[in-house]
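Student: no sequence on this one, just coordinates:
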C-alpha cells in the first residue's frame with residue numbers, strides 16, 4: 001500500500017548515534033534519523049557504503065525506518081548485512097529524505113507499559129502493556145517500536161514487536 005505524505009517543503013534530516021554491531025559474519029548498523037525540517041519524510045533512502053582499509057568500495061547496505069519521521073522527531077533505523085565483509089575498514093553514509101512513506105502507518109495510544117529484565121525473553125528483556133485504538137477503524141497487526149537510550153540520551157538499540165491480537169478494534 002502506498003500512503004503519500006503531503007509535501008510542504010523539501011524534507012531535511014540528519015543521522016545520529018550511528019553504531020556498528022558485529023557478530024561473526026553478521027553486521028548491523030543502527031542509529032536515529034532526526035527530522036530537522038518542517039515536512040515529514042521516509043527513511044528509505046539511507047545507504048551505507050562499506051570500504052576496506054585502503055578506502056576501496058566493498059558493499060552497500062540499505063537501511064530502513066518502520067514509520068515516517070515527523071518534524072523534530074527522531075526515529076530508529078537499522079541496516080543488516082548477513083555476510084559482513086571481514087576486510088571492512090570504514091563507511092560513508094548517503095541519506096536523502098524522501099517525502100513518501102511506503103506502507104500504512106496509524107498511531108495508537110500506549111495506555112500502560114512494563115519494561116523489565118526477563119531471563120526467559122529474547123535478549124533478556126521484555127516489554128508488555130496495553131494499546132488503545134482511538135481511531136474509528138480497525139488497526140491490523142499493531143506494531144510497537146521500542147528505542148533504548150543510555151543515561152546521556154544516546155540511542156543504544158531498539159526492538160520491534162507486535163500486539164498479541166492481529167486486529168485492534170476502535171476503542
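Tutor: The structure has been received and is ready for your questions. Predicted model, so just to flag it, every value in this text is computed and none were measured. Numbers count the residues shown, from 1 in each chain.

Student: regarding residue 37, which helix or strand does it belong to?
Tutor: Here residue 37, judged by DSSP states H and E, is contained in no helix and no strand.

Student: tell me the contacts of the residue nearest to it when sequence neighbours are not counted?
Tutor: Leaving aside its chain neighbours, residue 37 sits nearest to residue 12 (3.4 Å; criterion: C-beta to C-beta, 6 or more residues apart in numbering). Bear in mind the C-beta positions are built from the backbone N, C-alpha and C, glycine included. Contact analysis of residue 12 by C-beta atoms under 8 Å, 6 or more residues apart in numbering lists 35-37, 39, 97.

Student: helices of this protein, start to end?
Tutor: Shown for the chain, no helices are assigned by DSSP state H.

Student: hang on, the earlier thing: which two from the contacts of residue 12 end up farthest apart in space?
Tutor: Longest distance between any two of these is 10.5 Å, between 36 and 39; criterion C-beta to C-beta.

Student: find me the pLDDT at the residue lying farthest from the centre of the chain, would you?
Tutor: The outermost residue of the chain relative to its centre, with distances by C-alpha atoms, centre = their mean, is residue 54 at 30.8 Å. What the model reports as pLDDT for residue 54 is 96.

Student: residue contacts, it?
Tutor: By C-beta under 8 Å, 6+ apart, the residues touching residue 54 are residue 89.

Student: one step back: filter the contacts of residue 12 down to the buried ones.
Tutor: Among the contacts of residue 12, those buried by neighbour count (16 or more other C-beta atoms under 10 Å) are 35, 37, 39, 97.

Student: the second one against residue 10, yeah?
Tutor: Looking back up the chat, that one is residue 37. Yes: between residue 37 and residue 10 there is a contact at 7.4 Å, judged by C-beta atoms under 8 Å.

Student: list residues touching both of the two?
Tutor: Shared contacts of residue 37 and residue 10, counting by C-beta under 8 Å, 6+ apart, come down to residue 97.

Student: so how far is residue 155 from the nearest residue to residue 51 once chain neighbours are set aside?
Tutor: Nearest residue to residue 51, sequence neighbours excluded (C-beta to C-beta, 6+ apart): residue 90, at 4.9 Å. Taking C-beta to C-beta, to the nearest Å as the measure, residue 90 falls 21 Å from residue 155.
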